[in-house]
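Trainee: Quick one, fold the following:
(4 chains)
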2 protein chains.
Amino acid sequence: MAEDVFKALADPTRRRILDELVERDGQTLFEICTRLVTKHGLGLSRQAISQHLAVLESAGLVHSRRQGRYKFHDLNTEPLERIVTRWLKPDTPEAP
Amino acid sequence: MAEDVFKALADPTRRRILDELVERDGQTLFEICTRLVTKHGLGLSRQAISQHLAVLESAGLVHSRRQGRYKFHDLNTEPLERIVTRWLKPDTPEAP
DNA sequence: TTGATAGGCAAGTAGCGACTTGCCTATAGT
DNA sequence: ACTATAGGCAAGTCGCTACTTGCCTATCAA
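Mentor: Predicted coordinates for the structure are as follows:
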């Protein structure tokens, strides 16, 4: 649903997670945690990030694949392209 | 800020308002109210819509011009185009 | 001027959402 | 078998936000 995508994008931490995944796909929960802490100084618990990833996944923005005791997360930009074109009129002038 | 744009888009009622404005620009508060009620069956007070319009306006998604006792609202899609390209890699394959 | 229309301001309420804490499961290494 | 690592589940707290209610201002028509 578009509803889930918009709600997923509403949170700044979740957008940061997408930022990290667009840099490198296939990161685990712990990798994302340490990245958010070191690079952005966010002091969040592991569960907070886990819940954010669940929201992103149910919105279709992130796919995950389990492998042993690791769970790798991949970015999926497909839902992003759909939602915004909703309000872009077909005659909207493109940047020349 | 992108923050304001994402938060503005997070609410389904505000997205409906954008839907109405993309159909016809320059609507007043009362026009938007009656449209939301009749077309979508939303039972919202006038102030609720007014507050939603304020959020959309401070996000830059809606511009308003006062004229006498009327206030006309216009859609502005410019912020929309910026926000999503953030996660679209340059090598993202376009639909052929 | 009076009444009706279009809109604004402010306080209060209720529910959702982000985050934490505590405990539990499963896989890997030794 | 035992320990450490990677992750999950569930309940509880707290703050934000959507919405309402009540009252006030400004413009237009008669």
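Trainee: Which helix or strand contains A:Asp74?
Mentor: Remark: A:Asp74 resides in strand A:70-75, with elements defined by DSSP states H and E.
Trainee: Report all helices and strands that whichever helix or strand comes after that strand contacts.
Mentor: Past strand A:70-75, heading to the C-terminal end, the next element that is a helix or strand (DSSP H and E) is helix A:78-84. With contacts taken as 3 or more CB pairs under 8 Å, 6 or more residues apart in numbering or on different chains; DSSP states H and E, helix A:78-84 sits against helix A:2-9, helix B:78-84. C-beta coordinates here come from the backbone N, C-alpha and C atoms, glycine included.
Trainee: Identify, out of the ones you listed, the most deeply packed stretch.
Mentor: For those, the largest average neighbour count (mean count of other CB atoms under 10 Å in any protein chain shown) is found in helix A:2-9, namely a mean of 19.
Trainee: can that helix be found next to DNA strand D?
Mentor: No - Helix A:2-9 stays out of contact with DNA strand D when judged by CB under 7 Å from any atom of the strand, the minimum separation being 10.0 Å.
Trainee: thinking again about what came up before, for the strand holding A:Asp74, the averaged confidence score.
Mentor: Averaging the model's pLDDT scores along strand A:70-75 yields 98.
Trainee: Would you mind listing the buried residues in that strand?
Mentor: Of the residues in strand A:70-75, those with enough neighbours to count as buried (16 or more other CB atoms under 10 Å in any protein chain shown) are A:73, A:75.
Trainee: Using PDB, write out every CA atom in it.
Mentor: Extracted as PDB, the C-alpha positions of strand A:70-75 are listed here (Å, rounded to 0.1, in the frame of the first residue of the first chain):
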ATOM      1  CA  TYR A  70      22.600 -13.500   9.900                       C
ATOM      2  CA  LYS A  71      19.800 -11.600   8.200                       C
ATOM      3  CA  PHE A  72      20.800  -9.400   5.300                       C
ATOM      4  CA  HIS A  73      18.800  -6.400   4.300                       C
ATOM      5  CA  ASP A  74      18.500  -5.100   0.800                       C
ATOM      6  CA  LEU A  75      17.000  -1.800  -0.400                       C
END
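Trainee: what sits against the closest residue to chain B within chain A?
Mentor: Chain A approaches chain B most closely through A:Ala10 (3.7 Å), counting by CB to the nearest CB. With contacts defined as CB atoms under 8 Å, 6 or more residues apart in numbering or on different chains, the neighbours of A:Ala10 are B:6-7, B:9-10.
Trainee: so does stretch A:40-56 get close to DNA strand D?
Mentor: Yes - counting by CB under 7 Å from any atom of the strand, DNA strand D is contacted by stretch A:40-56 at A:46-47, A:50, A:53.
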